[in-house]
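Student: what would the 3D arrangement of this be:
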Amino acid sequence: MKKTVTLIMAIVLTFTLAACGKNTNNGGNASTPPATNSASTEPTTEPTPEPKKLEGSILATGSSALQPLVDQASKAFMDANSGVTIQVQGGGSGTGLTQVSEGQSDIGNSDVYAEEKLDADKAGELVDHQVAVVAMAAVVNPKVNVDTLTKQQLIDIFTGKVTNWKDLGGDDQKIVIINRPSSSGTRATFEKYALGTKTDDLQGSIQEDSSGTVRKIIGETPGAIGYLALSYLDDSVKTLAYDGVAANEENVANGTYPVWAYEHMYTKGEPNEVAKAFLDYMMTDEVQDGAVVELGYIPAKKMQITRDIEGNITKK
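Tutor: Residues are numbered from 1 along each chain as shown. Modelled structure (predicted):
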């Protein structure tokens, strides 16, 4: 009897141990770990593509009054974009507008609205980018003993009615006019807002388009008078007040001094990628609070007034 019971217990124990040795989940050996997915469950991150390098060339022509600003900004832009080449040339606003209209340049720099120089159809094809404000002032040789002129006195000089400084409170000295060609935006601005009338080219007057050359001639010629953008003023010439009002940023911004214009950079249609990037750069704080101010221009954001093509003033 004892042997029978012992045999039965041994059989039960054998089956129990066998049952415990089986993996009821996967039918495998208990010591074998469950299969795992070999694929990584970590999220994959695509590498960030490098920004496209800006490449191309720009030709900007026209206004000599705007030229120093565009020239300085273009050098900084090229330093930051090694694949871009920008050429800046003068020639006058009329030249710049004509060349951009005819596709000879990418940007036409101008001191005047395109409608003032081009036919309506051609002007309508251009897109205006206003980048700053420039003021113009009458300037004379430093030895001229006059500090301010009225509007009528300026008209009398540039129409040939007055030819000697003694008639304007100065010394007995012949007045030598240094004028600009008809294509000049500086001349158009000066005639429109300082004289209020167009003038003819007088016999004996000197005509020169480059603002730098105008400044040099006035500084070296006794009795000379002309006009320059504030960005060209230095000690080689004397700057005259207009009706007693000084030509400076404050007086331009508040509307007291009237001889100023917007500086335009026109493109034919919307600009291409490179030209757009450069025009956008012109409006950055780096340029507006830097080169614009340093070179004697006025940031458009500082103007307390606006003026339309007809010359109508509106306070902001």
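
Student: was I right to think G296 contacts L230?
Tutor: Yes: with the criterion set as CB atoms under 8 Å, G296 and L230 qualify as a contacting pair; they are 4.4 Å apart. (Each C-beta comes from the backbone N, C-alpha and C, glycine too.)

Student: okay, the two: which has more neighbours?
Tutor: Neighbour comparison, G296 and L230: the larger count goes to L230, with 22 against 19 (by other CB atoms under 10 Å).

Student: tell me the contacts of that one?
Tutor: Listed by CB atoms under 8 Å, 6 or more residues apart in numbering, the contact partners of L230 are V134, A135, M136, A137, A247, N248, G296, Y297.

Student: which pLDDT value belongs to it?
Tutor: Confidence at L230, expressed as pLDDT, is 90.

Student: state the distance from E263 to L240.
Tutor: Separation of E263 from L240 (CB to CB, to the nearest Å) stands at 22 Å.

Student: which of those two has more neighbours?
Tutor: When E263 and L240 are compared on other CB under 10 Å, the one with more neighbours turns out to be E263, at 29 against 20.

Student: quick check: closest non-adjacent residue to K302.
Tutor: Ranked by CB to CB, 6 or more residues apart in numbering and with sequence neighbours excluded, the top spatial neighbour of K302 is A253, at 5.2 Å.

Student: tell me the buried residues in stretch 242-249?
Tutor: By neighbour count with 16 or more other CB atoms under 10 Å, stretch 242-249 contains the buried residues Y242, A246, A247, N248, E249.

Student: pull out the buried positions in stretch 55-67.
Tutor: For stretch 55-67, the buried set under the neighbour-count rule, 16+ other CB under 10 Å, comprises G56, I58, L59, A60, T61, G62, S63, S64, A65, L66, Q67.

Student: which ones are touching the residue nearest in space to the middle of the chain?
Tutor: What sits nearest the mean C-alpha location of the chain, by CA atoms, centre = their mean, is M282, with 2.8 Å. With contacts taken as CB under 8 Å, 6+ apart, M282 has the following neighbours: V70, A73, H129, V131, M265.

Student: so which of those are in helices?
Tutor: In helices, defined here by DSSP state H, the members of the contacts of M282 are V70, A73.

Student: max pairwise distance over the contacts of M282: which two?
Tutor: For the contacts of M282, with distances taken as CB to CB, the pair at the greatest spread is A73 and H129 (12.6 Å).

Student: looking at those two, which is more packed in?
Tutor: Each of A73 and H129 has its neighbours counted (other CB under 10 Å); A73 has more, 24 against 19.

Student: got the end-to-end distance for stretch 238-251?
Tutor: With CA to CA, to the nearest Å as the measure, stretch 238-251 spans 18 Å from end to end.

Student: I should have written stretch 168-182 there, sorry.
Tutor: End to end - CA to CA - stretch 168-182 spans 27 Å.

Student: list the contacts of it.
Tutor: Residues lying outside stretch 168-182 but in contact with it, judged by CB under 8 Å, 6+ apart, are 92, 94, 144-146, 149, 153, 157-158, 162-166, 186-187, 190, 201-202, 204-209, 214, 217-218, 221-227.

Student: looking at the buried residues of stretch 242-249, which is nearest V287?
Tutor: Nearest to V287 among those: E249, at 16.5 Å, using CB to CB.

Student: could you find the closest non-adjacent residue to the closest one?
Tutor: Counting by CB to CB, 6+ apart, the nearest residue to E249 once its immediate chain neighbours are dropped is I298, at 5.2 Å.
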